[in-house]
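# need a structure here:
(2 chains)
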Amino acid sequence: MVAMPDQRFAYLNARLLDPASGRDEIGHILIEDGLIAAVGPDIFPNRVPDRTEVIDLDGLCLAPGLVDMHARIGEPGAEHKETFESAAAAARAGGVTTLCTLPNTEPVIDNVALVEYVHRRANEGSDVHIRPFAAATQGLNGKQLTEFGLLQAAGAVALTDGDRAIADATVMRRALSYSTAFDVLIVQHVEEPSLAHNGAMNEGELATRLGLKGIPTAAETIMLERDIRLVEVTGARYHAAHLTTAKALDVMRRAKADGLPVSCGTAPHYFALNENEVNGYRTFAKVSPPLRSEDDRRAVVEAIRDGTIDVISSGHAPEDPEAKRQPFEQAAFGAAGLETMLALGLQLHMSEDVPLLSVLACMTCNPARLLGLDCGVLMAGHPADLVIFDPGAPWVVDSKKFRSKSKNSPFDERPMQGHAVRTVVEGRTVFVRRVER
Amino acid sequence: MEDRACTIPHRAYCSPPMNAPDALPDLPFPHRHLLGMQELSRSDIQRILDLSEQFIELNRQDNKKLRDLQGRTQINLFFENSTRTRTSFELAGKRLGADTINMSVEASSTKKGETLIDTAMTLNAMHPDVLVVRHPDSGAVALLSQKVDCAVVNGGDGQHEHPTQALLDALTIRRRLNRLEGLTVAIAGDVMHSRVARSNIYLLNTMGARVRVIAPPTLLPSGIERLGVEAFTDMRRGLRDVDVVMMLRLQRERMQGSFLPSVREYYHFYGLDHEKLSHAKPDALIMHPGPMNRGVEIDTEVADDIHRSVIREQVEMGVAVRMAVLRLLVAGRGNGNGGDA
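Alright, predicted model coming up:
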């Protein structure tokens, strides 16, 4: 295809969904040079400008591309589980246009050279935006802080110890305090490790029946309560990666009411599944933090509805079969999530009656705002990172067909409704779903 | 030694004395494996216990050999140390005429799972008819059972289940007290880490007994009441008017640290001695799965009280129960490898 002098695309007759502005109406969008040039129902009063590639969406939904704030990639160190290429392919198919990667790799992404490496590898291997989170402590040791300022300058968009909590209260206090110099977000894995104590699932009747060590909900509440007290003294921007319990969500609700600069996320498995998935020692349902009770699951849904939860991330944690085909306590934590995230978000809207814009806000503008990214909105002047999806399309999860290298989905073989049909990054179409018959 | 033909008439296995006389003979046992008591019905349990009764008599005779499992191969696969249970299973298999082989696999902490699946695949290729498996991880035996074609008997998995122990306990109680239904049984000690406790809770509840558990709060697992038991932290109250006292072994590593401050304190409040036992019914049975820590969870005199302690009888019942389980799971069935599968 011959490149046009200025590349111009128009998507017509889409259901425009922009959670940031509250827009939900049929209209059009014009894209020029990778940016949104105009959006709305009346942007083409006479006709579409010349030399524009036009696609009529005939009522399909068009939203900002998803911003996934929590994905583990195997690179470097575990390329057999996931590479940037395979993760990007999975992201594209899932409608994700910005992917934040965790630093718990081998070696740990805790220095400038490695952040630059991720940037380089990510840009050569993928056409979605990969934004690394860097480690908050050296080697994730929970003791010495990393170079927050230099890491941020190198491209790290947040600091976190990934799936490990920053456990030591003094270290956490200093991390929060130091982060304010650079206004960089600290992302915490909210679980008190001395209380989780090698547990494998939610504590309670089922864990007792299965003879598995349980992780009490208090492990989450205690860590969150403590962190919030530290936010009070430091004024730092703090994000709880995944909240899973009713009690912790109440704590978060109060902290927000108090005006603290705190936010939190969750992942689809915490609002779509409960601990009963673990029954029969199903290791694909072994995730960290663990799946909780049905009451907790409902509380997560309500917290998304009332805005207590800011972010829904995929929680993507690829694992190979060898790590999962183990006795439950030996098996690895984690679930592949990139390719089911959108459909599960839509399920939240359709089955639990959460407004569609609220669901999408958690997957687009909210994470973008927290990370200081200019994507996640359908407004003129912003990057044309888009997902076009058919909210009613029925499909069945078949993990064997995942683009991700890892197939460890707890949703395998489940019927879903709604999926991305086209994913656009900076105006360029990077994914089109072929109609399967 | 010459194998003896089945001196017990075949039909006798299935027309147990306590059952209706018109019980159908030789219905296939409705389970491929024995993984836990949680999945067995009342009639399944009844059937195993009734069949076990037949073997008790046999085991007391001079010639103890049957041909029920002749030509069949039984592998005892133990990823965790055990002498009693393994020996009991081995004897059970041999007395039924099976060829039994013992395998102990040192479960290294890092490669446990790999060893498990790999070993299962390897053994499966040798066409065994039954695997008896003990493993330190909960759920490991169930996982292994999905990878092999033959019957699998759980010989104890982690803190999950130890079904043949519960069955032998039930047989012991039934022979002494003539019933299970309506009895009150107290299970005392380290309930949290005990697979014996869990299997007994399921079995006794299924059979209509009332179950109490007695333990210090740190050794009571979360949500235990939801398993259908009454939980006590005061042993005297927990023992009040019970028909049976089942003591659990206290693992040495629980005795120090944050579960319990000391052996002395544990024995003082939770060790079974004559004084505490006086709160139970006067003829209450005393049981222990062994091996005992005398002076830790049980007083030596109580353990050796020939009128009330049935601890040695439990060992005898163990062989009979395991014979019944093996026969029900293996006899008359293909191993899944043959053409009849």
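# biggest helix in the chain by residues?
Just so you know, I chose chain A. If you go by DSSP state H, chain A has its longest helix at helix A:218-234.
# try again with chain B
Max-length helix for chain B by DSSP H is helix B:311-330.
# Kindly spell out which helices and strands sit in contact with that helix.
helix B:42-59, helix B:84-95, strand B:130-135, strand B:151-157, helix B:163-177, strand B:285-287 (3 or more C-beta pairs under 8 Å, 6 or more residues apart in numbering or on different chains; DSSP states H and E). Glycine gets a C-beta too; all of them are placed from N, C-alpha and C.
# How many neighbouring residues does residue 307 have?
Because you didn't say which chain, this covers chain A. 13 (other C-beta atoms under 10 Å in any protein chain shown).
# that's the wrong chain, I wanted chain B
When neighbours are counted by other C-beta under 10 Å, B:His307 comes out with 8.
# What separation do you get for it and B:Ile286?
From B:His307 across to B:Ile286, the span is 10 Å (C-beta to C-beta, to the nearest Å).
# any residue of the longest helix of chain A up close to chain B?
No: applying C-beta under 8 Å from any C-beta of the partner chain, one finds helix A:218-234 separated from chain B by no less than 11.1 Å.
# which bits of the stretch 201-341 of chain B sit near chain A?
Counting by C-beta under 8 Å from any C-beta, the stretch 201-341 of chain B sits next to chain A at B:Pro221, B:Ser222, B:Gly223, B:Ile224, B:Arg226, B:Leu227.
# ok, of those, which come out buried?
For those, a neighbour count by 16 or more other C-beta atoms under 10 Å in any protein chain shown gives the buried set as B:Pro221, B:Ser222, B:Ile224, B:Leu227.
# so what's the last one scoring on pLDDT?
The per-residue pLDDT reported for B:Leu227 equals 97.
# For the longest helix of chain A, which helices and strands make contact with it?
helix A:169-179, helix A:193-196, strand A:238-240, helix A:246-257.
# Of the ones you listed, flag the one that's most buried.
Greatest average neighbour count among the helices and strands packed on helix A:218-234 goes to strand A:238-240 (a mean of 25), per mean count of other C-beta atoms under 10 Å in any protein chain shown.
# what helices or strands is it leaning on?
Partner elements for strand A:238-240 (3+ C-beta pairs under 8 Å, 6+ apart): strand A:185-188, helix A:218-234, strand A:262-266.
# Quickly run through the sheet partners of that strand, with directions.
strand A:185-188 (parallel), strand A:262-266 (parallel) (DSSP bridges).
# Show the average pLDDT along it.
Rounded mean pLDDT across strand A:238-240 is 98.
# Give me the contact list for it.
With contacts defined as C-beta atoms under 8 Å, 6 or more residues apart in numbering or on different chains, strand A:238-240 is touched by A:158, A:176, A:185-188, A:190, A:224, A:227-228, A:231, A:248, A:252, A:260-265, A:310-311, A:370.
# circling back: B:Asn200: which of the helices and strands packed on helix B:311-330 is closest?
helix B:163-177 (4.6 Å; C-beta to C-beta).
# Enumerate the residues of the stretch 301-437 of chain A near chain B.
Looking at chain B, the residues of the stretch 301-437 of chain A close enough under C-beta under 8 Å from any C-beta are A:Glu322, A:Arg325, A:Gln326, A:Pro327, A:Phe328, A:Glu329, A:Gln330, A:Ala331.
# Is there a neighbour count for residue 152? I'd like the number.
No chain specified, so I'll use chain A. Neighbour count of A:Gln152, defined by other C-beta under 10 Å: 20.
# The chain in question should be chain B.
Applying other C-beta under 10 Å, I find that B:Val152 has 24 neighbouring residues.
# Same check on the one 4 residues further on?
In terms of burial, B:Gly156 registers 25 neighbours under the definition other C-beta under 10 Å.
# cool, A:Glu116 as well?
Counted with other C-beta under 10 Å, A:Glu116 comes out at 13.
# correct me, but it touches A:Leu151?
No: A:Glu116 sits out of contact with A:Leu151 when judged by C-beta atoms under 8 Å, with a separation of 10.1 Å.
# Quick check: A:Ala393 vs A:Arg433, distance?
The value you get for A:Ala393 to A:Arg433, if C-beta to C-beta is used, is 9 Å.
# Need the overlap of contacts for these two.
Counting by C-beta under 8 Å, 6+ apart, the residues touching both A:Ala393 and A:Arg433 are A:His419, A:Val421.
# hmm, back to that, pipe the helices and strands packed on helix A:218-234 into JSON lines and attach distance to A:Phe44 per row.
Formatted as JSON lines, the helices and strands packed on helix A:218-234 follow (distance: least, C-beta to C-beta, whole Å):
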{"stretch": "helix A:169-179", "distance to A:Phe44": "46"}
{"stretch": "helix A:193-196", "distance to A:Phe44": "56"}
{"stretch": "strand A:238-240", "distance to A:Phe44": "40"}
{"stretch": "helix A:246-257", "distance to A:Phe44": "41"}
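# do you know which of the ones you listed lies nearest B:Phe79?
Of these, nearest to B:Phe79 by C-beta to C-beta is helix A:193-196, at 25.8 Å.
# Break down the stretch 1-150 of chain A into its helices, ranges please.
All helices of the stretch 1-150 of chain A, identified by DSSP state H, counting those that start in this stretch, fall at A:84-94, A:112-125, A:148-154.
# which residues sit in contact with A:Gln188?
Applying C-beta under 8 Å, 6+ apart, the residues contacting A:Gln188 are A:Thr160, A:Asp161, A:Ala165, A:Ile166, A:Met172, A:Met223, A:Asp227, A:Tyr238, A:His239, A:Ala240, A:Ala241.
# who does the helix or strand bottoming out on mean pLDDT in chain B touch, helix- and strand-wise?
Ranked by mean pLDDT, DSSP states H and E, the weakest helix or strand in chain B is helix B:112-124, scoring a mean of 79. Applying 3+ C-beta pairs under 8 Å, 6+ apart, we find helix B:112-124 packed against strand B:73-78, strand B:130-135, helix B:140-145.
# Just give me how far it sits from the chain centre.
24 Å (C-alpha atoms, centre = their mean, to the nearest Å).
# what about A:Phe44, how many neighbours?
Using other C-beta under 10 Å, A:Phe44 is surrounded by 17 other residues.
# quick one, what contacts the nearest residue to A:Asp58 once chain neighbours are set aside?
Excluding its sequence neighbours, the residue lying closest to A:Asp58 (C-beta to C-beta, 6 or more residues apart in numbering or on different chains) is A:Asn13, at 5.7 Å. With contacts defined as C-beta under 8 Å, 6+ apart, the neighbours of A:Asn13 are A:Ile26, A:Gly27, A:His28, A:Asp56, A:Leu57, A:Asp58, A:Gly59.
# So what's the residue count around the first one?
By the criterion of other C-beta under 10 Å, A:Ile26 has 13 neighbours.
# separation between it and chain B?
Separation of A:Ile26 from chain B (C-beta to the nearest C-beta, to the nearest Å): 51 Å.
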